[in-house]
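1. next input, structure requested:
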Amino acid sequence: MEMKRINAGKLRAIGYDARERVLRVEFDDGSAIDHAGVGSEVWRRFSTSGAAWSFYRDNIEEEFAGKRGRAGVSPGKRPAGLDALFGGPGQDADKR
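-> Numbering: from 1, shown residues only. Predicted structure coming up:
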């Protein structure tokens, strides 16, 4: 997911996965929330808003389910290096 850096209220970056309909917001404290079920029109309005923090609080925060995470870590991805240590997708079971 490509992230757009912003400086609006507590927001530091926003991104959208149109195929999965997931909106990611990253905050100034290093936390992130992935909001599910967000339509492309909401993303368009949010990403072009002159008051992104207010738009987020008014139209997204309470309207769409969110899953907390950490900024810089893509949703559903394992941190690099863990597959090498513990085995991962594409490795034969007898090699683990």
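2. what are the ranges of the helices in the protein?
-> Per DSSP state H, the chain carries helices over the ranges 40-47, 52-59, 82-86.
3. please identify the most buried of the ones you listed.
-> Comparing these by mean neighbour count (mean count of other CB atoms under 10 Å), helix 52-59 ranks first with a mean of 16. Quick note: C-beta positions are derived from backbone N, CA and C, even for glycine.
4. who are the packing partners of that helix?
-> In this structure, helix 52-59 makes packing contacts with strand 3-8, strand 11-17, helix 40-47, judged by 3 or more CB pairs under 8 Å, 6 or more residues apart in numbering; DSSP states H and E.
5. grab the nearest non-local neighbour of the residue nearest to the spatial centre of the chain.
-> Nearest to the geometric centre of the chain sits Arg24, at 2.6 Å (CA atoms, centre = their mean). Spatial nearest neighbour of Arg24, chain neighbours left out: Gly15 (4.7 Å); criterion: CB to CB, 6 or more residues apart in numbering.
6. I figured that neighbour hits Ala32, correct?
-> No: here Gly15 does not reach Ala32: they are 9.5 Å apart, not a contact under CB atoms under 8 Å.
7. ok, those two, which is more surrounded?
-> Ala32 (24 against 20; other CB atoms under 10 Å).
8. from Ala71, how far off is the more buried one?
-> Per CB to CB, to the nearest Å, Ala32 is found 5 Å from Ala71.
9. pull up the overlap in contacts between the two.
-> Counting by CB atoms under 8 Å, 6 or more residues apart in numbering, the shared contacts of Ala32 and Ala71 are Glu26.
10. what about the closest residue to Gly66 other than its chain neighbours, neighbour count?
-> In this structure, Gly66 finds its nearest non-sequential neighbour in Ile33, 4.2 Å apart by CB to CB, 6+ apart. Neighbours of Ile33 under the rule other CB under 10 Å: 18.
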